[in-house]
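Asker: Turn this into a model:
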Amino acid sequence: GGGGGMAAEGDVELELETEPNGSGGGSDGAGGRAAEKPRKHDSGAADLERVTDYAEEKEIQSSNLETAMSVIGDRRSREQKAKQEREKELAKVTIKKEDLELIMTEMEISRAAAERSLREHMGNVVEALITLTN
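Answerer: Modelled structure (predicted):
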C-alpha cells in the first residue's frame, strides 16, 4: 500500500481542529512544543474567518439575486412602456383606407398586419410595400 503521503498535510489540520483540548486554547495545552500552540490558535481563528466569509458570501449572493430580479423586472416594465408608447405613436399616424386596402390585396395579408406596416412607415404606402416585399 503506502502512497498518499501528500494527503497527510491536509489531515494534520483536521486533527488540530478536532483535538478536544485544542478548543480551550489554554496554556496547559496539547502537551507539546511551544511552536505548536500558536498554530493551533491561528487555525481556530482562520476557521472562524472562513465561516464568516462563507456567511457573507451567501448574503451577497442572495442580495445579488434580488437585485438581478428587480433589474430584470425594471427592464421588462420599461420595454412594456416603450412598446405602449410606440403603439400610441403608431396609432396617431393617419393612414389612408385605400393605401391599407392596396397593401392587403398586394401582399395578401390581414388588415391588422397591413395597418401595422403602414403605420410603421408613417403612412407611406410605398415604403411599407417595399419592406413587406423584402
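Asker: Could you pull up the residues touching residue 123?
Answerer: Under the criterion of Cβ atoms under 8 Å, 6 or more residues apart in numbering, the neighbours of residue 123 are 93-96, 99. For every residue, glycine as well, the C-beta is placed using N, CA and C.
Asker: Going by distance to residue 81, which of the residues you listed wins?
Answerer: Among those, residue 93 lies closest to residue 81 (Cβ to Cβ), at 19.4 Å.
Asker: re the thing from before, can I get the contacts of residue 123 in TSV with pLDDT?
Answerer: Output for the contacts of residue 123, formatted as TSV (pLDDT from 0 to 100):
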residue	pLDDT
93	91
94	92
95	93
96	95
99	95
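Asker: ok, those residues vs residue 122, which is closest?
Answerer: residue 93 (5.5 Å).
Asker: Which residue, other than its chain neighbours, is closest to that closest one?
Answerer: What sits nearest to residue 93 in space, not counting adjacent residues and going by Cβ to Cβ, 6 or more residues apart in numbering, is residue 119, at 4.5 Å.
Asker: mind checking the longest helix of this structure?
Answerer: helix 36-92 (DSSP state H).
Asker: Against which helices or strands is that one packed?
Answerer: If you count contacts as 3 or more Cβ pairs under 8 Å, 6 or more residues apart in numbering; DSSP states H and E, helix 36-92 packs onto helix 8-18, helix 111-120.
Asker: and those helices, which one is worst for confidence?
Answerer: For those, mean pLDDT drops lowest on helix 8-18, to a mean of 52.
Asker: circling back: measure the residue nearest to residue 93 to residue 133 for me?
Answerer: To residue 133, residue 119 is 18 Å away according to Cβ to Cβ, to the nearest Å.
Asker: Neighbour count: those two, which is higher?
Answerer: Using other Cβ atoms under 10 Å, the more surrounded residue of residue 119 and residue 133 is residue 119, with 20 against 8.
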